[in-house]
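Student: sequence and predicted structure, then a few things I'm wondering about:
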Amino acid sequence: MGDKSIQKRKYILETARKVFMEKGFKRVTMKDIVEACDISRGGLYLYFESTDQIFLEVLKMESQEADDVFSDSITEDATAADILILFLKEQKKELLRKNNTLTQATYEFYFEKELPKKDNILRRQFDSAVKIIEKLIEAGVENDEFFCDDCKEAARNIMFVLEGLRICAQTIGITSEVVDREILYILKSLGVED
């Protein structure tokens, strides 16, 4: 794929992301993306076969961008507690964002599709986050920053709390105070006073 093709593909994905944010997943058609990109139908099909394929690529792109932002925020001398607090603060920002989010579209997609475990990006992201948080907690325990008997279960619990908050943010709404209270509970359960 040449530079022009790579740029065109990236443009389609960035534009499609906006369409999915606005309409969710279920209501988006290839025609919507064609119109938003101001390209021909054949031009779109040159790069993508379906809205499913486009959406999965948008999720991959979104995940990579989030990882980059988080990684860039970590200083060289950061402790395990510093990194965990930074991670939780980034999650809070995401949870409280009302617009410009793919959360609704993501849930619609996964409720509608039966994907094999190996193809489930959300599952891989969740499992990967649990492993990273587990290693972070283990490092914090070794450095006497955290107190934890079961680092894997603590990491899994953190991710379940965050996922529950994400669903509440989209359905019943949450406030900054609610998120702060949950983050504080997570930190206290590890023996961290913020």
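Tutor: Received it, and whenever you're ready, just let me know what you need.
Student: going on from the helix or strand bottoming out on mean pLDDT in the chain, what's the next piece of helix or strand?
Tutor: Taking all helices and strands of the chain together, the one with the lowest average confidence (mean pLDDT, DSSP states H and E) is helix 51-73, at a mean of 80. As assigned by DSSP states H and E, the chain's next helix or strand after helix 51-73 is helix 80-96.
Student: just checking, next helix/strand downstream of that next one?
Tutor: helix 103-112.
Student: and the contacts of stretch 81-101?
Tutor: For stretch 81-101, the surrounding residues in contact (C-beta atoms under 8 Å, 6 or more residues apart in numbering) are 21, 66, 69-70, 73-75, 78, 133, 136-137, 140, 145-146, 162, 165-166, 169, 174, 176, 179-180, 183, 186-187, 190, 192, 194. C-beta coordinates here come from the backbone N, C-alpha and C atoms, glycine included.
Student: please repeat the previous calculation with a cut-off of 7 Å.
Tutor: With C-beta atoms under 7 Å, 6 or more residues apart in numbering as the contact definition, stretch 81-101 has outside contacts at 21, 70, 73-74, 136, 140, 145, 162, 165-166, 169, 174, 176, 179, 183, 186, 192, 194.
Student: same deal with stretch 29-42?
Tutor: The set of residues that contact stretch 29-42 without belonging to it, under C-beta under 7 Å, 6+ apart, is 11-12, 15-16, 18-19, 23, 44, 51, 54.
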